[in-house]
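Enquirer: need a structure here:
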Amino acid sequence: MTGSRADVCAVACADLFRDDGEILASPMGLLPSLGARLARLTFAPDLLLSDGEATLVAADGVAEGWLPYRAVFDLLAHGRRHVVMGANQLDRHGNQNISCIGPHAKPKRQLLGFRGAPGNTVNHRTSYWVPRHSVRVFVSKVDVVSGVGYDRSAGPYHDLHRVVTNLAVLDFGGPLRTMRLVSVHPGVAVSDVVSETGFPLEVNGVTVTRKPTAAELGLLCSLDPDRRREAEVPS
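Expert: Purely as a prediction, here's the structure:
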């Protein structure tokens, strides 16, 4: 068994936390959460996981410690956190929109709002998970800036790490910290990603995203026995 596209995405999300050390992982969504738990069980044993409320937990959900909400802001301010957020829009500089579609003064569609995106992006490492890679998400210009991109002055702790989608893994290693295609998932062509991206991508040296090992597949089956991850990742 080599694993499905959803399994590859889960492992790619896990690899986001590689070499992070003892920091708080704040994954938002099923696949990023599976990735963080998988990382904790394999190559990132020092990773701190939260239940999203006030408790630090092990990968199996067993309580390990207390983390009141106010303490999260201390970790945030000191950069000891890696958040994986979603994005309704992303541009080539990493500006993210989760606020609204259309003009902010009179939007066509109201979304989540700014939430913690500005503070996350200027204070600590931030990655993104996009389950449907398309030109509607990867746009030339976001309608509203929620998370701050590299074309804006954001201070010394600004650290946009990677973007994982259902098609590929990307980072900001292109010219002037623009988005670069790092790897395509097995069965995906570079042209597939380029055609679903609404701006030019740096595409030199693209590899293939690694497949999960047999041990990782076994852990994913234990963490998600009902395979809910399959519904989140279109092939």
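
Enquirer: next helix or strand past the least confident helix or strand in the chain by mean pLDDT?
Expert: In the chain, the helix or strand scored least confidently by mean pLDDT, DSSP states H and E is helix 69-77, which has a mean of 78. For helix 69-77, the following helix or strand on the C-terminal side (DSSP states H and E) is strand 81-85.

Enquirer: this structure: strands as residue ranges?
Expert: Per DSSP state E, the chain carries strands over the ranges 24-27, 48-50, 55-57, 63-66, 81-85, 89-90, 96-97, 100-101, 109-110, 125-130, 159-165, 168-171, 180-184, 207-208.

Enquirer: got these as CSV, with mean pLDDT and distance to R37 columns?
Expert: Yep, even glycine has a C-beta here, placed from its N, CA and C like the rest. Putting the strands of the chain into CSV (pLDDT from 0 to 100; distance: least, Cβ to Cβ, whole Å) gives the following:
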stretch, mean pLDDT, distance to R37
strand 24-27, 94, 9
strand 48-50, 92, 7
strand 55-57, 91, 9
strand 63-66, 91, 13
strand 81-85, 95, 12
strand 89-90, 98, 25
strand 96-97, 96, 24
strand 100-101, 93, 32
strand 109-110, 88, 32
strand 125-130, 97, 14
strand 159-165, 97, 15
strand 168-171, 98, 19
strand 180-184, 98, 22
strand 207-208, 98, 24
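
Enquirer: just so I know, which of these lies nearest L219?
Expert: L219 lies closest, by Cβ to Cβ, to one member of the strands of the chain: strand 48-50, at 14.3 Å.

Enquirer: just checking: what are the partner strands of the closest one?
Expert: For strand 48-50, the paired strands and their directions (DSSP bridges) are strand 24-27 (parallel), strand 55-57 (antiparallel).

Enquirer: how about residues contacting that strand?
Expert: By Cβ atoms under 8 Å, 6 or more residues apart in numbering, the residues outside strand 48-50 that reach it are 22-26, 36-37, 40, 56-59, 67, 72.
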